[in-house]
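1. need a structure here:
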Amino acid sequence: MQMYLTKDSIAGNGVLIVKTIDASPYDHAYVYGCYRFFYALDNGASAPEDLTDRNSDGVPDYVESLLYKLETARLLLTKSFHLKDPLLTGFFHAKGAKFIDVYLNDIPREHGLASGTVFDDRHEILDDSAFHGKSLKLTLHRNLKARTETPLHELFHLFQYNYSQFNNPWFMEGLGRWSQRIISEGSGREEKLPSSAIELEALLNKAHEAEYFWNRLSSLCDERGTFA
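-> Numbers count the residues shown, from 1 in each chain. Just a heads-up that it's a prediction; the model follows:
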């Protein structure tokens, strides 16, 4: 029987580990598929600002919602856009990455961070479990808005790093912002492609706002209008 991805399926098919670790702010780990999600329930920087747990399973609704967004994004990127899954093939897979670690933190702005490194950290909270292995790392804000596109944006960075370690902002952040359109209506505003050295230099000095260049480029490459 086919199992459809829902927030309830995430709540019912993960493994919750709770353990007091003196040296770590994270005393809860929820493992679902390829994700190891670390958080706390102490109202501190590592805890969701909203601790509501409607099904009383020990996992805040906020954590289950972010996992739902991340897994939805992963399926869209691999199944619909046919990008290489960084845990199954490519640069990160070759270095042994098996998991995507997600950490909640009170980072300066309501956004996230993605690392282009494969980590081999020892997580004491996972001792005596089957969930050890090298990982990629995402850090997400503890109070993202309900309709946030940040999990998709940050996960897309892992896919980018798996193809290339080219880390210039116009490429990384421009394409990251472009990727958010996957779950938005339409393909977004476009701008004409650079037609002079001055316009090219202006593009190369952009970051997130390079999104409009990538919108235009993808539109020109997408003859069937699939993206729109």
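
2. Give me the contacts around the lowest-mean-pLDDT helix or strand in the chain.
-> Counting by mean pLDDT, DSSP states H and E, the chain has its least confident helix or strand at helix 7-13, which shows a mean of 87. Outside helix 7-13, the residues that touch it by CB atoms under 8 Å, 6 or more residues apart in numbering are 3, 32, 55, 57, 59, 61, 64, 65, 67, 68, 71. The way it works is simple: take the backbone N, C-alpha and C, and place the C-beta from them, glycine included.

3. Any idea which residue is closest to the centre of the chain?
-> residue 155 (2.7 Å; CA atoms, centre = their mean).

4. Pop out the phi and psi values for the residue of the chain positioned farthest from its centre.
-> Distance to the chain centre peaks in the chain at residue 196, reaching 35.2 Å (criterion: CA atoms, centre = their mean). With angles defined as degrees, to the nearest 10, residue 196 sits at phi -150, psi 160.

5. what's near enough to touch it?
-> Per CB under 8 Å, 6+ apart, neighbours of residue 196: none.

6. how close does it sit to residue 216?
-> 16 Å (CB to CB, to the nearest Å).

7. Helix, strand, or coil at residue 99?
-> When classified by DSSP: H, G, I helix; E, B strand; the rest coil, residue 99 comes out as strand.

8. so residue 162 makes contact with residue 90?
-> Yes. Residue 162 lies in contact with residue 90 (CB atoms under 8 Å); the separation is 4.4 Å.

9. More neighbours: those two, which one.
-> residue 162 (23 against 17; other CB atoms under 10 Å).

10. Find the nearest non-adjacent residue to that one, please.
-> Distances taken as CB to CB, 6 or more residues apart in numbering place residue 86 nearest to residue 162, at 3.8 Å, with adjacent residues excluded.

11. coming back round to it: find residues that contact each of residue 162 and residue 90.
-> residue 84.
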